[in-house]
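Undergrad: Pasting the sequence and the predicted model now:
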Number of protein chains: 2
Amino acid sequence: MAEKITPRSEDFSKWYHDIVLNARLADYSPVRGSMVIRPNGYAIWEKIQSNLDRIFKETGVQNAYFPLLIPMSFIQKEADHVEGFAPELAIVTQAGGKELEEPFAIRPTSETIINSMFSKWVQSYRDLPLVINQWCNVMRWEMRTRLFLRTAEFLWQEGHTCHVDEADAVKRQTQMLEVYKDFCEEFMAMPVLTGAKSENERFAGAVSTFAIEALMQDRKALQAGTSHYLGQNFAKAFETKYQTQEGKEEFVHQTSWGVSTRLVGGLIMTHSDDRGLVVPPRIAPVHVAIVPILRKGKEEDVLGPCRKIAAELKKKGLSVILDDDDKKSPGWKFYEYEVTGVPVRIELGPRDIENNQAVVTRRDTSEKAQVSLDQLVDEVVSLQDQIQSALLKKAKAFIAEHSFTVKSYDEFKEKLDNPGGFLYVDWCGDSQLENVIKEETKATIRVIPFDQPKELGPCFYTGKPAKYRAVFARSY
Amino acid sequence: MAEKITPRSEDFSKWYHDIVLNARLADYSPVRGSMVIRPNGYAIWEKIQSNLDRIFKETGVQNAYFPLLIPMSFIQKEADHVEGFAPELAIVTQAGGKELEEPFAIRPTSETIINSMFSKWVQSYRDLPLVINQWCNVMRWEMRTRLFLRTAEFLWQEGHTCHVDEADAVKRQTQMLEVYKDFCEEFMAMPVLTGAKSENERFAGAVSTFAIEALMQDRKALQAGTSHYLGQNFAKAFETKYQTQEGKEEFVHQTSWGVSTRLVGGLIMTHSDDRGLVVPPRIAPVHVAIVPILRKGKEEDVLGPCRKIAAELKKKGLSVILDDDDKKSPGWKFYEYEVTGVPVRIELGPRDIENNQAVVTRRDTSEKAQVSLDQLVDEVVSLQDQIQSALLKKAKAFIAEHSFTVKSYDEFKEKLDNPGGFLYVDWCGDSQLENVIKEETKATIRVIPFDQPKELGPCFYTGKPAKYRAVFARSY
């Protein structure tokens, strides 16, 4: 507690970790690359989870649970899939005191084990579409890890679906991308670009990958969610077939889509400041912290009104902490609710009571106001909406200020270094040149936006005819 | 679908698996001992989870998440713990393409990894009590597995707490046992016995284990939840210390407590019958299934009123399926909602509309009634409560009918074979003799009830003075 937070301008990466540790969102664990999600961080994940889960179910998603362990032979069944994931697997070779005949991988993602069940469950077109999701842990043995953003083990949801044809599958792929986009904007106040990934960045085993990409305050992009059309690749590997209405046998067309605890990292790097975490009210585990200023022997004069205010705010659906712990000073408490990002703080002391007012502080702008006790509840409720909108507006403005259309590679490198952001270019589509650019500048294609211009200029890199407009950025 | 369900009287174990498979609650997976929880089963687990989680939080529990992998050296730090769990561990020896220097166990339970973090977080008496819970998967490599009841991987919650002294820890241990008991009775309509475990049945590393024990329809007990007082065993192994108010260093006193997806197995074996699953309304994912009987060309005459009824029931907070799928017959649908345990079914055909009535069927008793459409919504809402109470009453009566006080070993064996159930005996407390009884009869002490008689007779087995009254049963 109360360790100094490095300013963003000094060292962004250190700032990020200072926020995570000081707000007690997560901690390093004794297992290299795995983190511990502490209650403050887990409460945000629960908010993400419960809201997304409700929205998923409104679109017909059913939850299920599949085994953690995947037989190695399953992972090897889809050629691109094994190539993509083999280097990152954690492998169980012993169990119950014995060497296993066939080793298991801890799931890095579950397309294979789920298809082994789908092939049993899907018989006829009547069983389709099949739309399944699981909330679970997965493991990818990463070399360089960062709390929330890249960890060996992380929590996520993975949706897996089966459809009669490509059109129906792509409809679901698109729908889930929209769900993610809307959720990020409406709940997390984190606007995102959407579009397709280039071949280089595609999921191992997918025909196409769509993504949502957010922009962090250091002008680096964060891939915040993906939605894949898998074609019939896994269906063929696992014989997931159905009988059509005409009695023919066909392989199903599939999608998979996921978001993870990485979203918490995105939330931090979108909104937080040099004083600590900032959380949009719709995703905040606590909306209001009430800090009473107590006078010895007359505590009840202040605590009584505080309890009444807390009760009224709860009735309005807000989550409230009334911090009456007399072992801690008001100053300690101000710091605590600032660093942990509670959207609104109310201070109430004996003199405030005399004046029938309270001091209300917004976390996002640090604006303080004296508010009459008669209007306090309505004002604090209304502030939640105001903060939510203000954070989204600010984040949108940030993206707009850091989006550039560039025509040449020189301009590209210049903008990338200063100030950085999303670089829109007309692009020839050459995967090898994309790798060259990546090596030279660390920038990659984040998305190929769905919304393409009517006419394209020449490729910014080769001068050859462009295939599409693409958005490059440096990224996490 | 529509496979025959073996009657309970013929083969209880086969009946159980028939229910699980026909109601599509779970399925066998290609990973030996691991199951797949299908949407119908997972929806019940979600109901258990969301209700328990809300109750936990009301008692001050905070959720967090700790690593799946545990360094082997951690598990070895507590002597009893390693002895208890070593034979059941699944072990990761390779990761990221390399042999690991120190292998990891997949968590069988998380006392060790969590204490490695607690020892860092807990500094002062001001940090206590610390009351943490995680919802996660765990793995215990079992030889004989059964869907939901005993699987290599299962889902559970594990609470882990730190306290200043034994009294405060035991208070939490007792409180959580009460939470489990109340939840089982009030939500699952599954009454349980509570009490302490004998030394033989204690958790590996605990000072005392309390348990809730339910009685299944085959008169075998099911341990449905446990709450442990760990003393300072893990605190000493991991140096989880705090500074007292007087400035002294002390080891914390700890508890841990958990329930798992095994509860779903308990639910099935408490209430279901030879026609399929029976689910108490408070834990049922779907409360009402409406089956319209359609006449060609006049579908809307029936569907219109059905939609209105569905909307009104939803307004009352019930979860409703209106099954208007015209590819499936009413008979198929009756079977479907019977086998999956939907508490109330409504049938509505053209003639019913003419008579301003509907046919309402209770799943638990199969009672059918013609109900006026004007009273339908109120009647169906009220039926949910009636079914909930009736199931609890029936389950309580079943325990009462199968609880016996026995005075001799002969009587013990006789009652155990016919009819079986909870056998109350006065017991000398000899652990080795308990093992002899277990070998001879397969019965073990399920609990030593908290409520002890004022006077004890001689030990039913040895005739020596008894130490306490104990409840024996055969169990899962």
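TA: That came in fine, so what should we check first? Residues are numbered from 1 along each chain as shown, chains lettered A, B, ... in the order given.

Undergrad: Helices along chain A, start to end?
TA: A:12-22, A:39-58, A:72-75, A:79-85, A:111-121, A:166-186, A:233-238, A:262-271, A:299-315, A:330-339, A:350-354, A:376-401, A:409-417, A:431-441 (DSSP state H).

Undergrad: which other residues reach the fifth one?
TA: Counting contacts by CB atoms under 8 Å, 6 or more residues apart in numbering or on different chains, the residues outside helix A:111-121 that touch it are A:66-67, A:70, A:74-75, A:77-78, A:81, A:107, A:127, A:130, A:132, A:160, A:162, A:205, A:230, A:234-235, A:237-241, A:252, A:254, A:256, B:27, B:29-31, B:36. Glycine gets a C-beta too; all of them are placed from N, C-alpha and C.

Undergrad: now swap in the fourth one and tell me
TA: Taking contacts as CB under 8 Å, 6+ apart, the residues outside helix A:79-85 that touch it are A:75-76, A:108-109, A:111-112, A:140, A:203-205, A:233-234.

Undergrad: do the shortest one as well
TA: Helix A:72-75 is touched from outside by A:81-82, A:85-86, A:89, A:91, A:102-105, A:112-113, A:116, B:30, with contacts defined as CB under 8 Å, 6+ apart.

Undergrad: For those residues, name the two members farthest from one another.
TA: A:86 and B:30 (19.4 Å; CB to CB).

Undergrad: Tell me how many other residues crowd residue A:96.
TA: By the criterion of other CB atoms under 10 Å in any protein chain shown, residue A:96 has 16 neighbours.

Undergrad: Oops, could you answer that again for residue A:84 instead?
TA: So residue A:84, with other CB under 10 Å, has 18 neighbours.

Undergrad: Stretch A:310-323: end-to-end distance?
TA: 11 Å (CA to CA, to the nearest Å).

Undergrad: Closest residue of the stretch 101-250 of chain A to chain B?
TA: residue A:141 (3.6 Å; CB to the nearest CB).

Undergrad: Phi first, then psi, for that residue.
TA: phi -70, psi 100 (degrees, to the nearest 10).

Undergrad: Might one say that it is in contact with residue B:95?
TA: Yes. Here residue A:141 reaches residue B:95: they are 4.5 Å apart, a contact under CB atoms under 8 Å.

Undergrad: any common contacting residues for those two?
TA: Shared contacts of residue A:141 and residue B:95, counting by CB under 8 Å, 6+ apart, come down to A:89-90, A:152.

Undergrad: mind listing which of the residues you listed are in strands?
TA: Of those, the ones assigned to strands by DSSP state E are residue A:90.

Undergrad: Can you tell me which of the shared contacts of residue A:141 and residue B:95 are also in contact with chain B?
TA: Intersecting the shared contacts of residue A:141 and residue B:95 with the contacts of chain B gives A:89-90, A:152 (criterion: CB under 8 Å from any CB of the partner chain).

Undergrad: can you list the domain ranges for chain A.
TA: A:12-271, A:288-383, A:404-474 (automatic domain parsing).

Undergrad: and the stretch 101-250 of chain A, which of its residues are near chain B?
TA: Going by CB under 8 Å from any CB, the residues of the stretch 101-250 of chain A near chain B are A:103-104, A:106, A:113, A:116-117, A:120-121, A:126, A:132, A:136-137, A:139, A:141-143, A:152-153, A:155.

Undergrad: and residue A:277, what are its phi and psi?
TA: Torsion angles, degrees, to the nearest 10, at residue A:277: phi -70, psi 140.

Undergrad: surely it meets residue A:24?
TA: No. Counting by CB under 8 Å, residue A:277 sits too far from residue A:24 to count as a contact (9.7 Å).

Undergrad: list the residues that contact both of those two?
TA: Joint contacts of residue A:277 and residue A:24 (CB under 8 Å, 6+ apart) are residue A:340.

Undergrad: quick one, which of the two is more surrounded?
TA: residue A:277 (26 against 17).

Undergrad: May I see the buried residues of the helix or strand of chain A with the lowest mean pLDDT?
TA: Each helix and strand of chain A was given a mean pLDDT (mean pLDDT, DSSP states H and E); the minimum falls on helix A:79-85 at a mean of 88. Within helix A:79-85, the residues scored as buried using 16 or more other CB atoms under 10 Å in any protein chain shown are A:81-82, A:84-85.

Undergrad: The residues you listed: which two are farthest apart?
TA: Pairwise over the buried residues of helix A:79-85, using CB to CB, the maximum falls at A:82 and A:84, 7.4 Å.

Undergrad: Next, count neighbours for whichever residue of the stretch 301-450 of chain A sits closest to chain B.
TA: Nearest to chain B in the stretch 301-450 of chain A, going by CB to the nearest CB, is residue A:327, at a distance of 6.2 Å. When neighbours are counted by other CB under 10 Å, residue A:327 registers 8.

Undergrad: Contact partners for it?
TA: Taking CB under 8 Å, 6+ apart, one finds residue B:126 in contact with residue A:327.

Undergrad: do residue A:323 as well
TA: With CB under 8 Å, 6+ apart, residue A:323 has these contacts: A:289-292, A:333, A:336-337.

Undergrad: That's all I had, so thanks and see you.
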